[in-house]
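Asker: generate coordinates for the sequence data below:
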Amino acid sequence: MIVARDLKVIDVEMALSLINGYESIYQKIIGSFMENQKNLIQTIKNLLPNNLDEARRLVHSCKGISKNLGSLPLYDVSAKLEQAILNGNLELIDKYFQMFQQVFQDVLHDLTKIQFIN
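Answerer: Residues are numbered from 1 along each chain as shown. Model (predicted):
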């Protein structure tokens, strides 16, 4: 059973609907995301001035996992940031990266509130 209260940017029901309600898979998705993406913001920040292709790849990957986490806000801002990077629009990259950072932090915070009870 999943217990989640006061989530700001995560919709657990949506995430579970995408994986046919398998809570154990959702738990693994969350664990993997928390472990593998914990340094994502700093990594992208370091890449943005010099390596837009790699920064875009990381944002694209985050966009892909965001729906599995149940976060449409992260999906939306990732899509906008990815497009800004593809267009090479530095002003929009800065704008959407700021938004991306905030939503990403909100996602990490929400994920810590989700408990799995056997």
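Asker: count the neighbours of residue 62 for me.
Answerer: Residues within reach of residue 62, counting by other CB atoms under 10 Å, total 25. Where you see a C-beta, it was placed from the backbone N, CA and C, and this is true even at glycine.
Asker: beyond the strand or helix carrying it, next helix or strand please.
Answerer: Remark: residue 62 resides in helix 52-69, with elements defined by DSSP states H and E. Following the chain from helix 52-69 toward its C-terminal end, the next helix or strand by DSSP H and E is helix 72-87.
Asker: mind giving me the packing neighbours of that next one?
Answerer: In this structure, helix 72-87 makes packing contacts with helix 52-69, helix 90-113, judged by 3 or more CB pairs under 8 Å, 6 or more residues apart in numbering; DSSP states H and E.
Asker: any buried residues in stretch 94-114, and which?
Answerer: When neighbours are counted by 16 or more other CB atoms under 10 Å, the buried residues of stretch 94-114 are found to be 96-97, 100-101, 103-104, 106-108, 110-111, 114.
Asker: now tell me what touches it from outside.
Answerer: Residues outside stretch 94-114 that contact it (CB atoms under 8 Å, 6 or more residues apart in numbering): 2-10, 12, 30, 33-34, 38, 40-41, 44-45, 48, 59, 62, 66, 69, 71, 73-74, 77-78, 80-81, 84.
Asker: next one: the helix or strand harbouring residue 31 to chain centre, how far?
Answerer: Assignment of secondary structure by DSSP H and E places residue 31 within helix 23-36. Centre-to-centre, helix 23-36 and its host chain are 12 Å apart (CA atoms, centre = their mean, to the nearest Å).
Asker: so for it, mean pLDDT?
Answerer: Averaging the model's pLDDT scores along helix 23-36 yields 95.
Asker: who are the packing partners of that helix?
Answerer: Judged by 3+ CB pairs under 8 Å, 6+ apart, helix 23-36 is in contact with helix 12-18, helix 52-69, helix 90-113.
Asker: possible to save those helices as a markdown table with distance to residue 25 and mean pLDDT?
Answerer: Conversion of these to a markdown table gives the following (distance: least, CB to CB, whole Å; pLDDT from 0 to 100):
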| stretch | distance to residue 25 | mean pLDDT |
| --- | --- | --- |
| helix 12-18 | 9 | 96 |
| helix 52-69 | 9 | 96 |
| helix 90-113 | 15 | 97 |
